[in-house]
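S.K.: After the sequence you'll find the predicted model.
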Amino acid sequence: MTNTQTNRMPQEPMMLEEVKIRLAGDCLIHLSLSVAAGEVVTIMGPSGSGKSTLLAYIGGFLPPAFEGEGRVWLDGKDVSSLSAERRHIGILFQDPLLFPHLSVGGNLAFGLTRAVKGRAARKASVCEALEAINMAGFEGRDPETLSGGQKARVALARTLLSQPRALLLDEPFSKLDADLRVRMRHHVFERARSEGLPTLLVTHDEEDARAAQGRIIRLAPNGMVG
Ligand SMILES: Nc1ncnc2c1ncn2[C@@H]1O[C@H](COP(=O)(O)OP(=O)(O)OP(=O)(O)O)[C@@H](O)[C@H]1O
């Protein structure tokens, strides 16, 4: 067992029950879905079909411009009425921001403070996470000095470190070169499986979907599930 993992029991599926989200105009997402513990389900569809909006709804971040209804079940509980921070879902937005006032290590340690006790254990978790994203030794760096792909990897690592009960990942590999993409896919999918995390992956990349080895849900241009 690594520093970043906990003794968690295998989880129940994440279930979406009659989720309906009204997008602009007549567009509507309407779906029910069960994602098993450790399963990675890929969501694909054209730009504007509502992939990010669906993740935002599940994570509890639906912008006020949208109407959404339906239930989200996690660990056997209905979390639909809980605020985002009480859902304990790890969500990686399409253009994630790092905290500019914290170092790379500080950004990674942010989600750890309660989950991992003690300075030494937190430092070890941060170093381990940096190694996993091929960025060993970057803990003292200012996030502003990182490339886009490096920032994306740090944001992904921060999400994984936050002790989530499920993962929602919006284009997590899009800024990475081919080699890193392969490496990070393996890391993320392995982590989801070993920790029993139900995971939704939004991507435009068929190779990401194949590597996820799970079901693929395709949203049509009008948001309907195709
Ligand atoms: N904050 C917002 N306010 C109003 N409309 C929005 C907002 N964000 C997105 N939209 C609209 O909602 C629809 C769905 O957008 P969304 O970002 O979920 O699509 P997507 O499938 O993730 O697209 P992409 O592949 O380009 O990221 C689009 O028509 C978009 O213009």
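M.R.: Received, thanks.
S.K.: Within range of the ligand, give me the residues from this protein.
M.R.: Within reach of the ligand by CB under 6 Å from any ligand atom, the chain has these residues: 23-24, 45, 47-53, 63, 65, 94. Yep, even glycine has a C-beta here, placed from its N, CA and C like the rest.
S.K.: distance of the nearest residue to Val19 once chain neighbours are set aside from Glu18?
M.R.: Nearest residue to Val19 in three dimensions, chain neighbours excluded: Gly70, at 3.4 Å (CB to CB, 6 or more residues apart in numbering). According to CB to CB, to the nearest Å, Gly70 and Glu18 sit 5 Å apart.
S.K.: what residues do these two have in common as contacts?
M.R.: Common contacts of Gly70 and Glu18 (CB atoms under 8 Å, 6 or more residues apart in numbering): Ser32.
S.K.: Settle it for me: which of those two has more neighbours?
M.R.: Taking other CB atoms under 10 Å, Gly70 and Glu18 do not tie; Gly70 has more neighbours (17 against 10).
S.K.: and Phe61, how many neighbours?
M.R.: Phe61 has 17 neighbouring residues, counting by other CB under 10 Å.
S.K.: wait, which of the residues of the chain next to the ligand is closest to Ala212?
M.R.: Set against Ala212, the nearest of these by CB to CB is Lys51 (14.5 Å).
S.K.: what's around that closest one, how many residues?
M.R.: 26.
S.K.: what's across from the nearest residue in space to it that is not next to it in sequence in the sheet?
M.R.: Among residues not flanking Lys51 along the chain, Val202 sits closest, at 4.4 Å (CB to CB, 6+ apart). Beta-bridge partners for Val202, by DSSP bridges, are Ile43, Asp170.
S.K.: Does Val202 touch Ser52 like I think?
M.R.: Yes - here Val202 reaches Ser52: they are 6.7 Å apart, a contact under CB atoms under 8 Å.
S.K.: Identify the contacts common to the two.
M.R.: Gln94, Asp170.
S.K.: chain center to the longest helix along the chain: distance?
M.R.: Scanning the chain for the longest helix, with DSSP state H as the assignment, gives helix 178-194. With CA atoms, centre = their mean, to the nearest Å as the basis, helix 178-194 stands 13 Å off its chain's centre.
S.K.: and it, what does it pack onto?
M.R.: Identification of packing neighbours for helix 178-194 by 3 or more CB pairs under 8 Å, 6 or more residues apart in numbering; DSSP states H and E yields strand 40-44, helix 148-161, strand 166-170, strand 199-202, helix 206-212.
S.K.: Pull the contacting residues for the residue nearest to Lys51.
M.R.: Counting by CB under 8 Å, 6+ apart, Val202 makes contact with Thr42, Ile43, Met44, Lys51, Ser52, Leu55, Gln94, Leu169, Asp170, Glu171.
S.K.: Secondary structure of the fifth one: a helix, I assume?
M.R.: Yes - with DSSP: H, G, I helix; E, B strand; the rest coil as the criterion, Ser52 is part of a helix.
S.K.: surely it meets Asp95?
M.R.: No - the pair Ser52 / Asp95 is not scored as a contact, 10.1 Å apart, by CB under 8 Å.
S.K.: With that, I have no additional questions.
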